[in-house]
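Chemist: following is a predicted model, sequence given first.
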Amino acid sequence: MSRNNVLLKVILLGDGGVGKSSLMNRYVTDRFDSQSFHTIGVEFLNRDLEVDGRPVTLQIWDTAGQERFKSLRTPFYRGADCCLLTFAVNDLQSFLNLSCWKKEFMFYSDVKEPESFPFVVLGNKVDMERREVGEDEARAWCEENGCCPYFETSAKDDTNVTAAFEAAVRVVLAAEDQIGHALLGSTIDLHGNRKTSRGSCC
Ligand SMILES: Nc1nc2c(ncn2[C@@H]2O[C@H](COP(=O)(O)OP(=O)(O)OP(=O)(O)O)[C@@H](O)[C@H]2O)c(=O)[nH]1
């Protein structure tokens, strides 16, 4: 039996210059521009793919990370299925700002169940020799903040870019399956209360 195509909206957030546009362009067009300009507002690109036999259209929304564009980007958070929090491993401040990005997303999006909303974290620019954020430190932040999985990426070298976007699709599909199973598997106890179970994203 053929399965229907699923449209998923994922949104890239993070400080200006960490490589959000470059990651999107690498994944969708397989190109890298070393002179990439700052995004103004938002841009989006689609890519069709198949994950575990399921046809998916991934709609990737790339937002402007600079503070002055905040009012242009926040209206686009609504309806997102997954948020990709991005920092650059050679820029400590962009890592420290991840919590602010997560808060901003939760404030302006229409997420119904904040505890189980899927986040993926990308530590970009791993091709750079000088690092300011270690992999262990980044993984620890992800664990503490319920934002898994974590990928170390390079849009320049095409390291882990496909893996990261496919992981975003997988966490969304897994979360949807879990809700489906929870509803199917919910039971009515003798007192008439519906029992459901829900897991976290990690
Ligand atoms: N070395 C290296 N440079 C990168 C990588 N990704 C992006 N860059 C460079 O970093 C700069 C900023 O990249 P962008 O993709 O425009 O960053 P952004 O996060 O979209 O920035 P805003 O649009 O301002 O939010 C550009 O000069 C890119 O060429 C990477 O993986 N490695």
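Modeler: Cool, got the structure.
Chemist: tell me how far C147 lies from the ligand.
Modeler: 18 Å (Cβ to the nearest ligand atom, to the nearest Å). Heads up, the C-betas are built off the backbone N, CA and C, glycines and all.
Chemist: okay but that residue is in contact with L122, surely?
Modeler: No: counting by Cβ atoms under 8 Å, C147 sits too far from L122 to count as a contact (10.5 Å).
Chemist: what residues does the protein put near the ligand?
Modeler: 16-22, 33-34, 36, 38-39, 64-66, 124-125, 127-128, 154-156 (Cβ under 6 Å from any ligand atom).
Chemist: quickly find the element holding the residue nearest the centre of the chain.
Modeler: Nearest to the mean C-alpha position of the chain, by Cα atoms, centre = their mean, lies L84 at 2.1 Å. Element membership for L84, per DSSP states H and E: strand 82-88.
Chemist: go on, I60?
Modeler: Per DSSP H and E: strand 54-63 holds I60.
Chemist: helices along the chain, start to end?
Modeler: 20-29, 70-73, 92-96, 98-108, 135-144, 161-185 (DSSP state H).
Chemist: could you give the angle of the longest one to strand 82-88?
Modeler: Spelled out, it's helix 161-185. 150 degrees (axes from the mean of the first three to the mean of the last three Cα atoms, to 10 degrees).
Chemist: once you drop chain neighbours, what's closest to L23?
Modeler: In this structure, L23 finds its nearest non-sequential neighbour in A155, 4.7 Å apart by Cβ to Cβ, 6 or more residues apart in numbering.
Chemist: tell me the pLDDT at that neighbour?
Modeler: Per-residue confidence (pLDDT) for A155: 98.
Chemist: am I right that it is in contact with D30?
Modeler: No: judged on Cβ under 8 Å, A155 makes no contact with D30 at a distance of 10.6 Å.
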